[in-house]
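Chemist: Okay, here's the prediction I keep looking at, along with the sequence it came from:
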Amino acid sequence: MTEISTPAVEVVAGVIRDARGRVLLARRTEGRDLAGLWEFPGGKREPGESAQAALARELREELGIEAEIGAPLIRVPQAYPHKRLCLDVYAVDRWKGTMRGLEGQALAWVPQHKLVQYPMPPADRPVVAALEQAPLYLVTPAPGDDDDAWLASLQVALDGGVSRVQLRAPGIDLARWSALVARAVRRCRKAGADVLVNGDMALAAANKAGLHLPAAQLATHVRRPVPEGVSLAASCHTLDELQAAQALGCDFAVVGTLASTPSHPQAEVLGWEGFAQLREHVSMPLYAIGGLGAEDLERARRHGAQGIAAIRALWPA
Ligand SMILES: Nc1nc2c([nH]c(=O)n2[C@@H]2O[C@H](COP(=O)(O)OP(=O)(O)OP(=O)(O)O)[C@@H](O)[C@H]2O)c(=O)[nH]1
């Protein structure tokens, strides 16, 4: 593992989009680190240079364009075997000049949903996820004694744009929960949301839903417990748990606790720096959890998170 004391190389890259919404990838040329992999055009930031100036310079040198650097997308800290880097990615929707590979690199305009088919460096996986996947992950609270009211709240959240949901209800009677999960899954599916069941493989399979593993269940599986194409996720608090989740083939993980909350008052608090340090050693998309809400999304993205997971902050009152 790369030593934490090795300084991280600052790298800037652009998600360059054409009028049809396709994204530009460049192929790393032979003789360089990670040769043959596809990447977002960009390169190393020089001392004293702003991220925007560095990216505009790299795109001029590599592609021959004068680019207007747009909004920040995500900043991904990533450790490779021989170096650490921080990949800082910006949208680029406008430029002047004719695009060409000035350094002999192959270029490809790729529809966004096909980006996952291109072999890319590990740091790019969270970038593609930030373009494609839900920024908010709702974890349901346990229903009180009114199942219909709970379903109505879920519906409000879905109508409000939540598109990834974990169905969780600690301590609930199994027969009641099974019936409620079936109804909740139908609603999520109708809304086009990705839905996962917490901790119960049989219940997830019976509803053809995804599976969200509590950290304690990670060690009980030796291979991916759901088919490819069905979401698998895990809750993690340590690097060992994150690496186990990645080895099992989890599509994403939830990492906490960022701050202490009423539901987990004893949990060890990570803070954003602690989160970013864990982020370096895996390449799955990660949601941060613990006392966070949608207003923390920008900060989360600056520390390499896909987004925010929450119970109360995302559950309609
Ligand atoms: N431009 C760019 N670089 C990336 C991406 N993902 C990623 O891991 N990197 C890494 O960030 C560094 C970018 O620096 P560079 O493009 O100036 O690389 P280089 O070949 O001159 O240097 P190197 O081979 O010594 O690393 C490389 O180590 C590259 O592997 C990406 O999407 N775009």
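Modeler: Thanks, I have the structure now.
Chemist: CA atoms for contacts and neighbours, from now on please.
Modeler: Will do.
Chemist: what's the spacing between Ala215 and Leu248?
Modeler: Taking C-alpha to C-alpha, to the nearest Å as the criterion, Ala215 is separated from Leu248 by 12 Å.
Chemist: ok, now Gln266?
Modeler: 28 Å.
Chemist: tell me what whichever strand or helix holds Ile16 is packed against?
Modeler: Secondary structure assignment for Ile16, by DSSP states H and E: strand 9-16. Based on contacts counted as 3 or more C-alpha pairs under 8 Å, 6 or more residues apart in numbering; DSSP states H and E, the elements that strand 9-16 packs against are strand 23-27, strand 42-44, helix 51-63, strand 83-92.
Chemist: residues in contact with whichever helix in the chain runs longest?
Modeler: With DSSP state H applied, the helix covering the greatest number of residues in the chain is identified as helix 174-190. When contacts are defined by C-alpha atoms under 8 Å, 6 or more residues apart in numbering, helix 174-190 is touched by residues 147, 151, 154-155, 158, 163, 165, 167, 169, 194-195, 197, 203, 207, 209.
Chemist: Over to stretch 256-275?
Modeler: With C-alpha under 8 Å, 6+ apart as the contact definition, stretch 256-275 has outside contacts at 235-237, 255, 288-292, 300, 303.
Chemist: Okay, buried residues for that stretch please.
Modeler: For stretch 256-275, the neighbour count (16 or more other C-alpha atoms under 10 Å) marks 256-260, 269-270, 272, 275 as buried.
Chemist: which one in the protein is furthest away from the centre?
Modeler: Ranked by distance from the centre of the chain (C-alpha atoms, centre = their mean), the top residue is Asp145, with 34.1 Å.
Chemist: Could I get the full set of strands for the stretch 201-317 of the chain?
Modeler: In order along the chain, the stretch 201-317 of the chain carries the following strands (DSSP state E, counting those that start in this stretch): 210-213, 232-236, 252-255, 286-289, 307-310.
Chemist: Only C-alpha atoms, please: export the first one in CSV.
Modeler: Extracted in CSV, the C-alpha atoms of strand 210-213 (Å, rounded to 0.1, in the frame of the first residue of the first chain):
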residue,chain,number,x,y,z
GLY,A,210,-30.8,-5.4,-4.6
LEU,A,211,-29.0,-6.4,-1.3
HIS,A,212,-27.4,-4.0,1.2
LEU,A,213,-25.1,-5.8,3.5
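Chemist: Give me the distance from it to the chain's centre.
Modeler: The chain centroid and the centroid of strand 210-213 are separated by 16 Å under C-alpha atoms, centre = their mean, to the nearest Å.
Chemist: would you turn the strands of the stretch 201-317 of the chain into TSV with mean neighbour count and mean pLDDT?
Modeler: Putting the strands of the stretch 201-317 of the chain into TSV (neighbours: other C-alpha atoms under 10 Å; pLDDT from 0 to 100) gives the following:
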stretch	mean neighbour count	mean pLDDT
strand 210-213	27	98
strand 232-236	25	98
strand 252-255	25	98
strand 286-289	28	98
strand 307-310	28	98
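Chemist: The ones you listed: which one's closest to the ligand?
Modeler: strand 286-289 (17.3 Å; C-alpha to the nearest ligand atom).
Chemist: Packing partners of that closest one?
Modeler: Other elements packing on strand 286-289 under the criterion 3+ C-alpha pairs under 8 Å, 6+ apart are strand 252-255, strand 307-310.
Chemist: Please name the strands paired to that strand in the sheet, noting orientation.
Modeler: Neighbouring strands of strand 286-289 in its sheet, by DSSP bridges, are strand 252-255 (parallel), strand 307-310 (parallel).
Chemist: thinking again about what came up before, report the two of the buried residues of stretch 256-275 separated the most.
Modeler: Considering C-alpha to C-alpha, no two members of the buried residues of stretch 256-275 lie farther apart than Ser260 and Phe275, which are separated by 14.1 Å.
Chemist: how near is the residue of the stretch 151-300 of the chain found nearest the ligand to Leu242?
Modeler: Of the stretch 151-300 of the chain, the residue with the smallest distance to the ligand, taken as C-alpha to the nearest ligand atom, is Ser283 at 10.7 Å. Taking C-alpha to C-alpha as the criterion, Ser283 is separated from Leu242 by 10 Å.
Chemist: who has more neighbours, the two?
Modeler: The residue with the greater number of neighbours, taking Ser283 and Leu242 and applying other C-alpha atoms under 10 Å, is Leu242; the counts read 28 against 23.
Chemist: The more buried one is in contact with Val282, isn't it?
Modeler: Yes: contact status for Leu242 versus Val282: in contact at 7.1 Å, counting by C-alpha atoms under 8 Å.
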